[in-house]
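Chemist: Sequence and computational prediction follow.
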Amino acid sequence: MSTKWLKSLTAAALIAGTAGVQADTLKVVTDPSFVPFEMMDQETGEMIGFDMEIIAEVAKRAGFEYDLQTMDFNGIIPALQTGNVDIAIAGITITEEREKIVDFSDPYYDSGLRILVRAGNDAVDEMSDLEGMKIGTKIGSTSYDYLVANLEEDDGVTPYPGSSDMYMALMSRAVDAVFYDAPNVGYFASTRGKGKVQTAGPLYEGQQYGIALTNGSEWVDEVNEALESIRADGTYKTIYEKWFGPMPEGE
């Protein structure tokens, strides 16, 4: 899918000693289908979600303005590598492989992977139960990599371009299960999929999401300081509980 510019989002510039100094404008990219981290408001056409509120606060405190664009998740890291964008926030798991080619902020969200099946399916309790099944996941994601690495029979693993596609495939019986990021799976199960699907088994592969930046970016320290600031003053907690409910202790 080609890049689509949605809206120029202006964050208040932090003035460093001289009034009237214009903040840098950075290109920020996200994947519009990772609910509730980022999604399009059908009424306004604007991107909303947990990540969208986080990046707005980070930009304001780090001192940059930004233009927001969207693309498929599997194009985000290459876009950072080529310098077509400056920053990405899209529920991106920090991995050693990705850290070789892009810079990451400090983690801003703890996550993991979860199994989703149709309601009433009590035959799936763990990863081994998925052997030989048709399993939907998202292309370019760590959940796809995990399935291929941990299933002996992985011929049925089917990557989809968007999370909504794999959920619809589950409910239409095109696949037997979905394996994907726990917060997204849980959100779907409690909203559009309520009564139709259910989560199953434990949380797999504890993960942490980070804001990704171009390799060698001068903004890493400022982004980290902004993240620390929103945690310290309670802003992070407010945003978290708006989208996910009560924040777990220790977050």
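Modeler: Yep, that arrived. Residues are numbered from 1 along each chain as shown.
Chemist: rest of the way, CA atoms for contacts and neighbours
Modeler: Fine.
Chemist: What helix or strand is Glu225 located in?
Modeler: Assigned by DSSP states H and E, Glu225 falls within helix 220-232.
Chemist: ok, now Tyr66?
Modeler: Using DSSP H and E, Tyr66 maps to strand 64-70.
Chemist: With Asp103 instead?
Modeler: strand 102-104.
Chemist: what element comes up after the helix holding Glu225 heading to the C-terminus?
Modeler: helix 235-244.
Chemist: Show me where the stretch 101-250 of the chain has its helices.
Modeler: Using DSSP state H, counting those that start in this stretch, the helices of the stretch 101-250 of the chain run over residues 142-150, 163-171, 182-190, 220-232, 235-244.
Chemist: Need these in a markdown table (columns: mean neighbour count).
Modeler: Shown next, in a markdown table, are those (neighbours: other CA atoms under 10 Å):
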| stretch | mean neighbour count |
| --- | --- |
| helix 142-150 | 17 |
| helix 163-171 | 20 |
| helix 182-190 | 20 |
| helix 220-232 | 18 |
| helix 235-244 | 16 |
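Chemist: Lowest average pLDDT across these?
Modeler: In terms of mean pLDDT, the lowest-scoring of the helices of the stretch 101-250 of the chain is helix 182-190 (a mean of 87).
Chemist: Packing partners of it?
Modeler: Counting contacts by 3 or more CA pairs under 8 Å, 6 or more residues apart in numbering; DSSP states H and E, helix 182-190 packs against strand 109-118, strand 197-209.
Chemist: For that helix, list the C-alpha coordinates in PDB.
Modeler: Presented in PDB, the C-alpha positions along helix 182-190 are these (Å, rounded to 0.1, in the frame of the first residue of the first chain):
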ATOM      1  CA  ALA A 182      -1.900  -9.500  23.300                       C
ATOM      2  CA  PRO A 183      -3.300  -5.900  23.700                       C
ATOM      3  CA  ASN A 184      -4.700  -5.900  20.100                       C
ATOM      4  CA  VAL A 185      -6.100  -9.400  20.500                       C
ATOM      5  CA  GLY A 186      -7.700  -8.500  23.800                       C
ATOM      6  CA  TYR A 187      -9.200  -5.300  22.600                       C
ATOM      7  CA  PHE A 188     -10.800  -7.000  19.600                       C
ATOM      8  CA  ALA A 189     -12.200  -9.800  21.800                       C
ATOM      9  CA  SER A 190     -13.800  -7.300  24.100                       C
END
